[in-house]
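1. here is the input, now give the coordinates:
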Amino acid sequence: QNQKEKSIPLKTESKSVAKLRLTDIKLVEDGIKSGNEYEFPWLDNSSKIKRKYLTVRDTSSEFLSQRLADGYQRSTIRRNKVSFNTLIKLLGESCRVEDITSENIELYKKRYQNIHSKPGININLRLIKTFLNWCEEKGYVDKKPKFKLVKVPKSSPSYITDSEFAEIMALRDLDHFYKKVFYFHRETGLRLSEPYCGTLNKQWLIIPASYTKQQVEHEVELKAELIPIWHLMMKSLDDWKSKGRAQQNFTLKISKMFLWACRKSKIEKHRFHDLRHTFAVRMYLQTNDIYQVRDLMGHSVVTTTEKYMKFKRRRLAADFPTLKGALESKIPNYGNVPMEMEAIRSWE
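-> The predicted structure is shown next:
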């Protein structure tokens with residue numbers, strides 16, 4: 001669908017020489033149509049036709065440009081660039097894409113095993129595998145190398161208990177703005193960047209499909225106390241951008257502040273995304289309906305949500321005592337669940 005004309009100069013005024021050179025071009029015509037670049041003797045003073053030298057750097061840039069054109073989010077492209085940089089750092093800037101071997105990938109696993117987590121390494125390996133499949137389809141490599149992902153033990157999602165969240169909210173050194181942001185995400189289950197991409201229609205925060213992971217529009221009903229927090233978050237972002245700063249650095253700072261708050265509270269096992277997991281297990285505890293939780297989370301299939309069913313409800317009830325009243329009165333609407341932690345109330 002993205003065809004374009006390719007011109008190859010014959011560099012001669014002789015009709016007979018032109019015919020010979022045209023014959024040479026037709027020998028690799030299929031490769032040219034597949035997107036390959038070739039160097040011809042009359043253009044570079046070489047002795048034979050050869051496929052142009054394709055580095056991992058140049059080819060990965062073409063791959064990412066194609067992904068962007070295919071509708072992948074810019075945040076995904078940025079993450080992909082980081083993954084490619086780790087590979088290029090190992091193989092070198094001049095490494096040709098056709099020189100990538102299974103041995104290279106095994107070396108990659110060993111190099112980063114003590115630097116990145118196993119799931120983090122696998123994120124990079126999945127991208128490399130997709131990239132090599134694309135290279136094979138384009139004809140950039142004759143045969144892609146085969147390799148396996150790192151084995152990762154299956155673990156349940158990590159959530160933040162009421163007591164842990166109360167400790168974070170009780171930190172005197174933590175600005176009230178961040179406390180409100182953390183609370184907002186725990187109560188909505190939204191990903192880090194999603195609130196800043198949405199628009200508010202009465203009490204509904206609408207996240208366009210282009211900004212969701214599933215590429216499907218997501219609607220979140222905000223409790224009355226969350227609406228002013230969202231406005232505060234948007235104002236803070238506007239102030240940040242007015243100083244010429246990038247939005248991604250704004251959300252990155254929020255994530256770093258959460259890690260700092262966890263370390264300060266001596267609960268270092270958590271990360272910002274755990275606020276989303278916390279929302280999910282709290283909703284499952286209150287509703288006992290995994291399909292309702294799926295809809296609240298914006299998952300496209302319920303199998304993605306089923307991981308939250310692995311927790312025993314008695315354990316969840318013990319970890320979230322502030323929901324006891326809601327559970328006893330069987331309140332199905334999470335928007336009416338009262339907050340009972342004095343540490344959280346102390347923002348105001």
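
2. for burial, what's the neighbour tally of the closest residue to Tyr291 other than its chain neighbours?
-> Distances taken as C-beta to C-beta, 6 or more residues apart in numbering place Val302 nearest to Tyr291, at 6.0 Å, with adjacent residues excluded. Where you see a C-beta, it was placed from the backbone N, CA and C, and this is true even at glycine. If you count neighbours by other C-beta atoms under 10 Å, Val302 ends up with 13.

3. got it, and the one 10 residues further on?
-> Around Lys312 sit 9 other residues, with neighbours defined as other C-beta under 10 Å.

4. from Lys110, how far out is it?
-> 38 Å (C-beta to C-beta, to the nearest Å).

5. which helix or which strand is home to Asp238?
-> helix 227-242 (DSSP states H and E).

6. in that helix, which residues are buried?
-> Neighbour counts over helix 227-242 (16 or more other C-beta atoms under 10 Å) mark Ile229, Trp230, Met233, Ser236, Leu237, Trp240 as buried.

7. just to revisit the earlier point, for the residue nearest to Tyr291, which residues are in contact?
-> Going by C-beta atoms under 8 Å, 6 or more residues apart in numbering, Val302 touches Ile290, Tyr291, Arg294.

8. quick one: which of these has the most company?
-> Busiest of the contacts of Val302 [other C-beta under 10 Å] is Arg294, holding 20 neighbours.

9. relative to Ser193, how far out is the nearest residue to that one once chain neighbours are set aside?
-> Spatial nearest neighbour of Arg294, excluding adjacent residues (C-beta to C-beta, 6+ apart): Thr305 at 4.2 Å. According to C-beta to C-beta, Thr305 stands 21 Å off from Ser193.

10. same question, Glu98
-> Applying C-beta to C-beta to Glu98 and Ser193 gives a distance of 37 Å.

11. for Lys223, same thing?
-> From Lys223 to Ser193 the distance is 21 Å (C-beta to C-beta).

12. do Gly298 as well
-> On the measure of C-beta to C-beta, Gly298 and Ser193 end up 14 Å apart.

13. again, but for Leu125
-> 25 Å.

14. mind listing what's buried in stretch 306-322?
-> Quick answer for stretch 306-322 (16+ other C-beta under 10 Å): Lys307, Tyr308, Phe311, Leu316, Asp319, Phe320, Thr322.

15. and it, what's its mean pLDDT?
-> For stretch 306-322, the mean pLDDT works out to 87.

16. format the CA atom coordinates belonging to the helix or strand in which Asp30 is found as CSV.
-> Element membership for Asp30, per DSSP H and E: helix 29-33. Extracted in CSV, the C-alpha atoms of helix 29-33 (Å, rounded to 0.1, in the frame of the first residue of the first chain):
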residue,chain,number,x,y,z
GLU,A,29,14.5,-6.8,-9.3
ASP,A,30,12.5,-8.9,-6.8
GLY,A,31,14.9,-7.9,-4.0
ILE,A,32,14.5,-4.2,-4.9
LYS,A,33,10.7,-4.6,-4.9
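
17. that helix: how far from the chain's middle?
-> 35 Å (C-alpha atoms, centre = their mean, to the nearest Å).

18. next: stretch 196-214.
-> For stretch 196-214 - counting by C-alpha atoms, centre = their mean - the centre lies 17 Å from the chain centre.

19. now do stretch 230-245
-> Worked out by C-alpha atoms, centre = their mean, stretch 230-245 lies 23 Å from the chain centre.

20. got the contact list for it?
-> Phe177, Lys180, Val181, Phe184, Pro195, Tyr196, Leu200, Leu205, Leu222, Gln247, Asn249, Phe250.

21. coming back round to it: ok, the residue nearest to Arg294 - contacts?
-> Here Thr305 is in contact with Ala280, Ile290, Val293, Arg294, Met297, His299 (criterion: C-beta under 8 Å, 6+ apart).

22. same thing but 6 Å
-> Residues near Thr305 by C-beta atoms under 6 Å, 6 or more residues apart in numbering: Ile290, Val293, Arg294, His299.

23. please, which helix or strand holds Arg57?
-> Using DSSP H and E, Arg57 sits within helix 56-69.

24. which other helices and strands contact that helix?
-> Packing contacts for helix 56-69, counted by 3 or more C-beta pairs under 6 Å, 6 or more residues apart in numbering; DSSP states H and E, involve helix 74-91.

25. ok, now how distant is the closest residue to Asp319 other than its chain neighbours from Glu103?
-> Setting aside the residues directly before and after it, Asp319 is nearest to Thr161 in space (C-beta to C-beta, 6+ apart), at 4.1 Å. For Thr161, the distance to Glu103 (C-beta to C-beta) stands at 45 Å.
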